[in-house]
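A.B. asks: predicted model, plus sequence, below.
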Amino acid sequence: MKFSISFVALVSTALFAVVHAAPAPLCNGELCSDVAAREVIDVTFDDLAVRAKGKAKAAAPAKGAAKSSAAAPKKKSSGSQKGNISQGILDVQKKQGQKQRTKLQKASNNAKLVQKKTGDIKKTVDDFRTAEKANGKLNSAQLNAKSDKLRNAEKSRVISNNRKDTKTAKTAQYASKKNTPAQKTAKKVAQTARRADRKAKGLPSPANQASTKNRVSKEQKNNVKQRFRAANDKLRKTEGVPGRKDTVSVGSHKTDGRAVRQSAFNSYLHSKTPVGNSPFLISDCSDISTFRQPKNFNNRPYASTHKDAKLANQKAIPQSGKEYPIIDKNPNGWTGQGAVGALRTVTYKQGGKRKLAVVGHDTSRGGDANDHYKATVSPGKRELDLDFEDFE
C-alpha cells in the first residue's frame, strides 16, 4: 500500500511540472526546434549536391584534356637542349671513367718504375741464387720459388720507396708554401681592409655574389639519366652481344667482349645526338671519316668476282644499321675524340628484334680493301668460373 501511494505521488508531481512548465516556442504552428532541424538537413543536402555536381563538372574537362593531350604531337627538343643533353652525357661518362683511368695510370707508372730498376732487381735475385746454390740446401723447385718471391718483394720495395719519396717531396713543398707569421698578419689586415671597402660601397661578399657558372637544371639531369637508362635497356634486349671476356677478331684485329659491349652501349647512348666533329684517320685504311658517330653502316654487297665464291654478291650483315667505333682497353670507349680504330659494332633490327654484329676490314680475304667482314667470337672464361680476380 505504501508503494502505491508513493508511485501516485511521483506521477502527480511529474504531470504538474509538465502542465506548469514554460510553453515551447512555435513557428507557424510547429515547434521551432523541428523547423530548424529540417532546415539544417536541407542545407546540408543541398551543399553535398552542389559539391558532387562541381566534382562531376571538373572531372569531365580533365577527361577531355587527357584525350586532347594524347592526340597532340609531342614537343621536340630544340638544338640547344639536345646539345646540353649531349654534353651532359659526355661529362657523366668522363666522371665514370676517371676512377678506371686513375687505376690504369697508376699501374703504368709502377711498371715504369720497376722497369727502371730491372737491373738492380736482377742483380739481387742472382746474388741470392748464387748464395743458395753454394749452400746446397734447396732443390731446384724450392730455389725457383724463393727467387720468384724475392723478385716480387723487390718490385714492391721499389714501388713503396717511390711512394715514400713522393710523399716526402709533397710534404716539403706544402711546408714551403706555408705563410710565415708576418705573412699571416698581413693577409688578415688585407682581408679586413677589403671587407671594410665592400661594406662602404654596399657590395656583397664573394661568397654571396651571383655565380657565373652554368648550373645544370633538374630537367637536364633527368634527360641525361633517361638516356643512360634507355641505352642500358636497349643493350639488354640486343641479341648477339658477346661475353665480356670473349675474344672478338676480324683478321689481325682483335678486341674483347667488354669493348664491344661498351661500343654498343655508346651507340645507343649517342644515337639522338651523335658525337665527334672533326675527321679521324683510320689507321688501316686510306679513307678519312668525316661523320659523327654513330652513323649509317655502308652495308654494300661483295663483288661478284670475290675470291670467296660463297660471299659473292652477299652482304656482311642481313640488315643495314648504325655503326660505332670499338676502342680496346678504354673505360668509356670512343666519346668523340681520338682515332676510331679498325673494328665497329653494328646495331640493327631484324624481325622486330635488336641485333648486334662486329665488323672490320680484312685484306687477306681478297676483294675490295673497304669490304667489311663479320667477326668471329672465341668464348672466354665464363663469369661463373671461380678465379681469384673475381673476388678482388
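C.D. replies: Sure, I can see it.

A.B. asks: CA only for contacts and neighbour counts going forward, please
C.D. replies: OK.

A.B. asks: got the domain ranges for the protein?
C.D. replies: 100-166, 231-380 (automatic domain parsing).

A.B. asks: and of those domains, who's closest to residue 204?
C.D. replies: Closest to residue 204 of the domains of the chain is domain 100-166 (Cα to Cα; 39.8 Å).

A.B. asks: which stretches in the stretch 201-350 of the chain count as helices?
C.D. replies: 218-236, 257-269 (DSSP state H, counting those that start in this stretch).

A.B. asks: just those helices: most buried one?
C.D. replies: With neighbours defined as mean count of other Cα atoms under 10 Å, those peak in mean count at helix 257-269, which reaches a mean of 25.

A.B. asks: turn the helices of the stretch 201-350 of the chain into JSON lines, including mean pLDDT.
C.D. replies: As requested, the helices of the stretch 201-350 of the chain are exported to JSON lines (pLDDT from 0 to 100):
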{"stretch": "helix 218-236", "mean pLDDT": "89"}
{"stretch": "helix 257-269", "mean pLDDT": "93"}
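
A.B. asks: how about those in CSV, adding distance to residue 337?
C.D. replies: As requested, the helices of the stretch 201-350 of the chain are exported to CSV (distance: least, Cα to Cα, whole Å):
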stretch, distance to residue 337
helix 218-236, 20
helix 257-269, 13
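
A.B. asks: and of these, who's closest to residue 321?
C.D. replies: Per Cα to Cα, nearest to residue 321 of the helices of the stretch 201-350 of the chain: helix 257-269, 10.8 Å.

A.B. asks: quick one: contacts for residue 124?
C.D. replies: By Cα atoms under 8 Å, 6 or more residues apart in numbering, residue 124 lies in contact with nothing.

A.B. asks: which helix or strand contains it?
C.D. replies: helix 118-135 (DSSP states H and E).

A.B. asks: C-alpha coordinates for that helix, PDB please?
C.D. replies: The C-alpha trace of helix 118-135 is given here as PDB (Å, rounded to 0.1, in the frame of the first residue of the first chain):
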ATOM      1  CA  THR A 118     115.200  -4.100 -63.600                       C
ATOM      2  CA  GLY A 119     119.000  -4.300 -63.400                       C
ATOM      3  CA  ASP A 120     119.200  -3.800 -59.600                       C
ATOM      4  CA  ILE A 121     116.400  -6.400 -59.100                       C
ATOM      5  CA  LYS A 122     118.100  -8.900 -61.300                       C
ATOM      6  CA  LYS A 123     121.400  -8.500 -59.500                       C
ATOM      7  CA  THR A 124     119.700  -9.000 -56.100                       C
ATOM      8  CA  VAL A 125     118.000 -12.200 -57.300                       C
ATOM      9  CA  ASP A 126     121.100 -13.500 -59.000                       C
ATOM     10  CA  ASP A 127     123.200 -13.000 -55.800                       C
ATOM     11  CA  PHE A 128     120.500 -14.800 -53.800                       C
ATOM     12  CA  ARG A 129     120.500 -17.800 -56.200                       C
ATOM     13  CA  THR A 130     124.300 -18.000 -56.200                       C
ATOM     14  CA  ALA A 131     124.400 -18.000 -52.400                       C
ATOM     15  CA  GLU A 132     121.700 -20.600 -52.000                       C
ATOM     16  CA  LYS A 133     123.300 -22.900 -54.600                       C
ATOM     17  CA  ALA A 134     126.600 -22.700 -52.700                       C
ATOM     18  CA  ASN A 135     124.700 -23.800 -49.500                       C
END
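
A.B. asks: quick check: what element follows that helix along the chain?
C.D. replies: Using DSSP H and E, the helix or strand that directly follows helix 118-135 along the chain is helix 140-176.

A.B. asks: mind giving me the packing neighbours of that following helix?
C.D. replies: Here helix 140-176 touches helix 79-116, helix 118-135, going by 3 or more Cα pairs under 8 Å, 6 or more residues apart in numbering; DSSP states H and E.

A.B. asks: what angle separates the first one from helix 257-269?
C.D. replies: Helix 79-116 and helix 257-269 are oriented at 160 degrees to each other (axes from the mean of the first three to the mean of the last three Cα atoms, to 10 degrees).

A.B. asks: buried ones in helix 79-116?
C.D. replies: Buried residues in helix 79-116, counted by 16 or more other Cα atoms under 10 Å: 82, 84-86, 88-90, 93, 101, 110, 114.

A.B. asks: ok, now the last one?
C.D. replies: Residues of helix 118-135 classed as buried: 121, 125, 128-129, 132 (neighbour count, 16+ other Cα under 10 Å).

A.B. asks: so what's the nearest residue to residue 330 once chain neighbours are set aside up against?
C.D. replies: Nearest non-adjacent residue to residue 330, counting by Cα to Cα, 6 or more residues apart in numbering: residue 259, 7.5 Å away. The contact partners of residue 259, taken as Cα under 8 Å, 6+ apart, are 244, 326-330, 333.
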